[in-house]
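# have a look at this fold, sequence not included:
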């Protein structure tokens, strides 16, 4: 009778990082072999941008050109959040197929499979940002600042996705089926995206909704991206965004690891 060795509970930080990067590369190769994994981050930005600009732009801003300038940073924030939530479904699917059972039999850090999956998702975030910006430029969007600020905006959006994806990772390790993960994350995303200033300003919202929208992490990220891309102050909204990002990691990274270790035991 053979016994299965399990991953060590503790390894050195340097070795844990190496294990995480190795599995991140595995995830990137997986995307390369299955490019259909990029469908959501290529089609959804186009659909949302075209739909909201041409359906509601004239009514909300007087003309589609003015609305396009306002909504592009908001759609960036919304789509990076949506892209970061997909990892929960993918992790849950891998777990149901026994992929993580094989990881547990390898002499690697317990955190490596989760960290590797998160780092590999950077590719999806970057594809999402590039597709969205190219389509926006073709529709008439013009950068109001400079390329350096645009790069900072993209880097901030990607970092936001990396922080908030730990919510999806936690849910993915907790739920029993991919469908349950997707349903729960949909309920989570809707109040964050539509209860924000992505599509309309908060000044005409009811008081209770405005109070939420003004502190909503998506609203704060949107204000920061608008300042970086269109021009304007970013200090206050940037600090709020960074606080939400730090809070998301501080709360949900330990929860995700505890949930994963519980299943691994």
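Received it, and whenever you're ready, just let me know what you need. Model, not experiment: these values are computed from the prediction.

# can we go C-alpha only for contacts and neighbour counts from here?
OK.

# top helix in the protein by residue count?
helix 64-96 (DSSP state H).

# can you list the buried residues in it?
64-93, 95 (16 or more other CA atoms under 10 Å).

# what do you get for stretch 20-33?
20-21, 23-24, 27-28, 31.

# from memory residue 253 sits against residue 164, does it?
No: Residue 253 is beyond contact range of residue 164, at 9.6 Å (criterion: CA atoms under 8 Å).

# one step back: would you turn the buried residues of stretch 20-33 into TSV with secondary structure, distance to residue 14 and pLDDT?
Converted to TSV, the buried residues of stretch 20-33 look like this (DSSP: H, G, I helix; E, B strand; the rest coil; distance: CA to CA, whole Å; pLDDT from 0 to 100):
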residue	secondary structure	distance to residue 14	pLDDT
20	helix	10	75
21	helix	11	78
23	helix	15	78
24	helix	15	79
27	helix	20	76
28	helix	21	79
31	helix	26	76
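
# can you list the low-confidence ranges for the chain?
The chain contains residues with pLDDT under 70 at 1-13, 99-101, 104-105, 107, 264-265.

# and the helices in it?
13-33, 39-61, 64-96, 99-104, 112-120, 122-139, 147-174, 178-194, 207-215, 217-230, 235-264.

# which of those helices sits closest to residue 200?
helix 39-61 (7.5 Å; CA to CA).

# who's in contact with the nearest residue in space to residue 177 that is not next to it in sequence?
Excluding its sequence neighbours, the residue lying closest to residue 177 (CA to CA, 6 or more residues apart in numbering) is residue 92, at 6.6 Å. By CA atoms under 8 Å, 6 or more residues apart in numbering, residue 92 lies in contact with 172-173, 175-178, 181.

# now with 7 Å, please.
172-173, 177-178 (CA atoms under 7 Å, 6 or more residues apart in numbering).

# now, of those residues, which are buried?
Looks like the contacts of residue 92 have 172-173, 178 buried, using 16+ other CA under 10 Å.

# which one of these is nearest to residue 53?
Closest to residue 53, out of all of these and judged by CA to CA, is residue 178, at 32.3 Å.

# for stretch 145-156, the distance to its chain's centre please.
The chain centre lies 18 Å from the centre of stretch 145-156; the measure is CA atoms, centre = their mean, to the nearest Å.

# just the buried residues of that stretch, please?
For stretch 145-156, by 16+ other CA under 10 Å, it's 149-150, 153-154, 156.

# now do stretch 208-221
For stretch 208-221, by 16+ other CA under 10 Å, it's 210, 212-214, 216-221.

# pull up the distance across it, start to finish.
Using CA to CA, to the nearest Å, the end-to-end distance of stretch 208-221 comes to 20 Å.

# off-centre distance for it?
18 Å.

# start the count at 529 instead of 1 going forward.
Understood, numbering begins at 529; the last thing we discussed is stretch 736-749.

# okay, the closest residue to residue 644 other than its chain neighbours and residue 558: tell me how far apart.
Spatial nearest neighbour of residue 644, chain neighbours left out: residue 552 (3.9 Å); criterion: CA to CA, 6+ apart. From residue 552 across to residue 558, the span is 10 Å (CA to CA).

# again, but for residue 657
Distance from residue 657 to residue 558, by CA to CA: 20 Å.

# same check, this time on residue 791
Taken as CA to CA, the span from residue 791 to residue 558 is 24 Å.

# cool, residue 591 as well?
Counting by CA to CA - residue 591 and residue 558 are separated by 43 Å.

# returning to that earlier point: from the buried residues of stretch 673-684, which single one is nearest residue 563?
Of the buried residues of stretch 673-684, the one sitting nearest to residue 563 (CA to CA) turns out to be residue 682, at 21.9 Å.

# phi, psi of residue 727?
Main-chain torsions, residue 727, degrees, to the nearest 10: phi -100, psi -30.
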